[in-house]
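Colleague: one predicted model, sequence on top.
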Amino acid sequence: MCWLVDKMSWENEVEFLVLLSILFFMHKILIVDDDHLIRMYLKTMLVDLNIRDIYEAGTREKALNMADRYQPQVVLLDINLPDCDGMDLLTELRTIIPDSKILMVSSEATVDRIKVAKDRGSVGFIVKPFNAAVVFQKIKSILKDN
């Protein structure tokens, strides 16, 4: 990478470094899903994108504690959790981390659910089953806007 940066003009170098920081560095992401395999899959995708500050929660209480403690920039939030409705948790998270970008993750992607999520402050929806390209595109998009 150093060689690449040496060959670029100063303006392009700054642009390149800003893009790298937007996409890969200094971002904390919280994954909230009761399914351990889904959390592992999402975490693996994020690690492949060189995102290192990744936190996980499988319950409402843990999600609220992690959000308060780490103040993530992005939250991937499942709608169906064993101890609460993810839509209600979305509302609670908005009060703790109002500037965070929250993406809902669910197989229940009805028009009504998407509208409710958006009305409560979600910036997007990832439909299960998903693939790495979809997750990457959504995360890249919201981090770039951040």
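Modeller: Structure's in. What do you need? Numbering: from 1, shown residues only.

Colleague: can we go C-alpha only for contacts and neighbour counts from here?
Modeller: Noted.

Colleague: where does this protein have low pLDDT?
Modeller: Where the chain drops to pLDDT under 70, the residues are 1-26, 146.

Colleague: burial count for Ile79?
Modeller: Burial measure for Ile79: 24 neighbouring residues, criterion other CA atoms under 10 Å.

Colleague: just to check, it is in contact with Ser106?
Modeller: Yes: contact criterion CA atoms under 8 Å: Ile79 and Ser106 qualify, at 5.8 Å.

Colleague: just the strands in this protein please.
Modeller: Ranges of strands in the chain, per DSSP state E, are 28-32, 53-57, 74-78, 80-81, 84-85, 101-106, 124-127.

Colleague: as JSON lines, the ones you listed with distance to Lys115 would be great.
Modeller: As requested, the strands of the chain are exported to JSON lines (distance: least, CA to CA, whole Å):
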{"stretch": "strand 28-32", "distance to Lys115": "20"}
{"stretch": "strand 53-57", "distance to Lys115": "25"}
{"stretch": "strand 74-78", "distance to Lys115": "15"}
{"stretch": "strand 80-81", "distance to Lys115": "16"}
{"stretch": "strand 84-85", "distance to Lys115": "15"}
{"stretch": "strand 101-106", "distance to Lys115": "11"}
{"stretch": "strand 124-127", "distance to Lys115": "10"}
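
Colleague: in JSON lines, list these along with mean neighbour count.
Modeller: JSON lines is the format used below for the strands of the chain (neighbours: other CA atoms under 10 Å):
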{"stretch": "strand 28-32", "mean neighbour count": "24"}
{"stretch": "strand 53-57", "mean neighbour count": "19"}
{"stretch": "strand 74-78", "mean neighbour count": "26"}
{"stretch": "strand 80-81", "mean neighbour count": "18"}
{"stretch": "strand 84-85", "mean neighbour count": "13"}
{"stretch": "strand 101-106", "mean neighbour count": "24"}
{"stretch": "strand 124-127", "mean neighbour count": "19"}
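
Colleague: wait, which of these is closest to Asp68?
Modeller: strand 28-32 (11.0 Å; CA to CA).

Colleague: quick one: distance of the closest one to the chain centre.
Modeller: Distance of strand 28-32 from its chain centroid, counting by CA atoms, centre = their mean, to the nearest Å, is 6 Å.
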